[in-house]
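> Pasted the sequence and its predicted model underneath.
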Amino acid sequence: MAWLLLLQATVGFAASVILFWVFLSRSNWIAGEKGEGRKFKKAIERFFQLLVPSIALDAIPLLGWVDWGGMKKDMKRTAAEMDSVLSVWLEEHKMREKKRGKDSGEEEEADFMDVMLSRVKELQQIEGGYDEDTVVKATCLALIIGGTDTTSVSLAWVLCFTLSHPDVLKKVQDELATHVGDRRNVEEADLKNLVYLQAVVKETLRFAPAVGFVVTHEAMEECAVGGFRVPAGTRLLVNLRKMQLDPAVWGGDGNDDDDDPSEFRPERFLTGRGAGVDVRGQHFECIPFGSGRRMCPGLSFALRVIHLVLARMVHGFEMKMNISEEEDWKKRLRIAADPSASDVKVLLTPRLPSQLYE
Ligand code: HEM
């Protein structure tokens, strides 16, 4: 065991030195021109923040306690901040629960935290030895963290793709005109009739899944995946973005709608190879919410929100985006997972009678 650790330390140290040397020789700080001192300082900072932790901490477990770059400290501070927010909510909910108990006449709608509070009380024993408050706070936090960015990023992409493809936008507008008309707003009950809009959402989740790599899963027993032996205990990361754009899965059977998975074409889910494919974890060619026991529990909620928001936006507004169809979306996707983090802007003009916006 000791020799293994020594070997790890030597390899880790050698790798660090080589990378340090390559890094410095690539940054031209030695030239000594004005401002180069700052460049050197930045290069050193970058080295210590990014390269050293990733090499040393992974290669030398003994150094796990060293917090290079202060990342662990930052994570702990963020966790403490989030916990304090959740603790305030929890106290408020407990107080409201007490008040409700005394004044039983008052009818108030229970939210998720109220339901969690009453459910944990019914449990005989909590797995892992956690107390009730921790379980309630952690579950609420998991839903907030899991559901916020994913939904907003998917909404931003679906709007970007729809608005930058005038043919797609026109088909969605026509479908809304047929099934909803212009005398009322779109309701949830209309969504089942909006088949083309559903295909637009599926194509967006295929083309730009909000989660590029599914959360790490560990093989419980030995298995084979694509001809590779996977021993029990192996940690696996599924590359959704790559899988969902794979020509071997999506392209080339001669049908126009099927060709070129790197193009945004909702039709592939209507008449192409994707017809009959849904995104609920049953069809492995498109699993933006993962699959199996640990797949996304917010799937139904997220899909409802995305469909309804897209339908309401397209139905209610004429929209113009500052980015054209010719925009290289593939390049943009590589740069930013979130289009709203870049310079995309949309101008909205109402297109329905004014009383529908009240
Ligand atoms: C478009 C929106 C969303 C996408 C694309 C998405 C995607 C995913 C993916 C890929 C996973 C990992 C699944 C796996 O490991 O197999 C996941 C897990 C999870 N998602 Fe979502 N999600 C979305 C919205 C939501 C919403 C709205 C919520 C909550 C209200 C949510 C809560 C969670 C939670 C708690 C997990 C962890 C589940 C577990 O580990 O057991 N997600 N999501």
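It's in. Only a predicted model underlies this, so the values are computations on that prediction, with no experimental measurement involved.
> For the one helix or strand Val309 maps to, give me every contacting residue.
Element membership for Val309, per DSSP states H and E: helix 299-316. Contacts to helix 299-316, defined as Cβ atoms under 8 Å, 6 or more residues apart in numbering, come from residues 147, 150-151, 154-155, 158-159, 162, 169, 172-173, 176, 180, 185-186, 188, 190-191, 194, 197-198, 200-201, 279-281, 289, 296, 319, 350-352, 356-357. Yep, even glycine has a C-beta here, placed from its N, CA and C like the rest.
> is any part of it close to the ligand?
Yes. Against the ligand, helix 299-316 shows contacts by Cβ under 6 Å from any ligand atom at 301-302.
> could you dump that helix to CSV, C-alpha only?
In CSV, the C-alpha atoms belonging to helix 299-316 read as follows (Å, rounded to 0.1, in the frame of the first residue of the first chain):
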residue,chain,number,x,y,z
LEU,A,299,-40.1,15.5,-15.9
SER,A,300,-43.9,15.9,-16.1
PHE,A,301,-43.8,19.2,-14.4
ALA,A,302,-41.0,20.5,-16.7
LEU,A,303,-42.6,19.3,-19.9
ARG,A,304,-45.9,21.0,-18.9
VAL,A,305,-44.2,24.3,-18.2
ILE,A,306,-42.1,24.3,-21.4
HIS,A,307,-45.1,23.4,-23.6
LEU,A,308,-47.4,25.9,-22.0
VAL,A,309,-44.8,28.8,-22.0
LEU,A,310,-43.9,28.2,-25.6
ALA,A,311,-47.5,28.0,-26.7
ARG,A,312,-48.5,31.1,-24.8
MET,A,313,-45.5,33.1,-26.1
VAL,A,314,-46.0,32.1,-29.7
HIS,A,315,-49.8,32.5,-29.5
GLY,A,316,-49.7,35.8,-27.6
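> Name the residues of that helix that come out as buried.
302-303, 305-311, 313-316 (16 or more other Cβ atoms under 10 Å).
> follow-up on the earlier one: intersect the contacts of helix 299-316 with the contacts of the ligand.
Answer for the contacts of helix 299-316 near the ligand (Cβ under 6 Å from any ligand atom): 147, 150-151, 154, 289, 296.
> Can you flag which of those residues belong to helices?
Here DSSP state H is the test, and those give 147, 150-151, 154 as lying in helices.
> and the residues you listed as TSV, adding pLDDT and neighbour count?
TSV is the format used below for those (pLDDT from 0 to 100; neighbours: other Cβ atoms under 10 Å):
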residue	pLDDT	neighbour count
Gly147	93	16
Thr150	93	18
Thr151	94	18
Ser154	93	25
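> Pick out whichever of these sits closest to Asp114.
Gly147 (18.1 Å; Cβ to Cβ).
> what does the stretch 201-350 of the chain put close to the ligand?
Proximity of the stretch 201-350 of the chain to the ligand (Cβ under 6 Å from any ligand atom) is limited to residues 210-211, 214-215, 288-291, 294-298, 301-302.
> Let's see that with 8 Å instead.
205, 209-211, 214-217, 238, 240, 281, 287-299, 301-303, 305-306 (Cβ under 8 Å from any ligand atom).
> For the stretch 251-358 of the chain, give me the ranges with low pLDDT.
252-258, 324-342 (pLDDT under 70).
> Tell me which stretches of it form strands.
317-321, 346-350 (DSSP state E, counting those that start in this stretch).
> Which neighbours in the sheet does the last one have, and how are they oriented?
Partner strands and pairing direction for strand 346-350 (DSSP bridges) are strand 317-321 (antiparallel).
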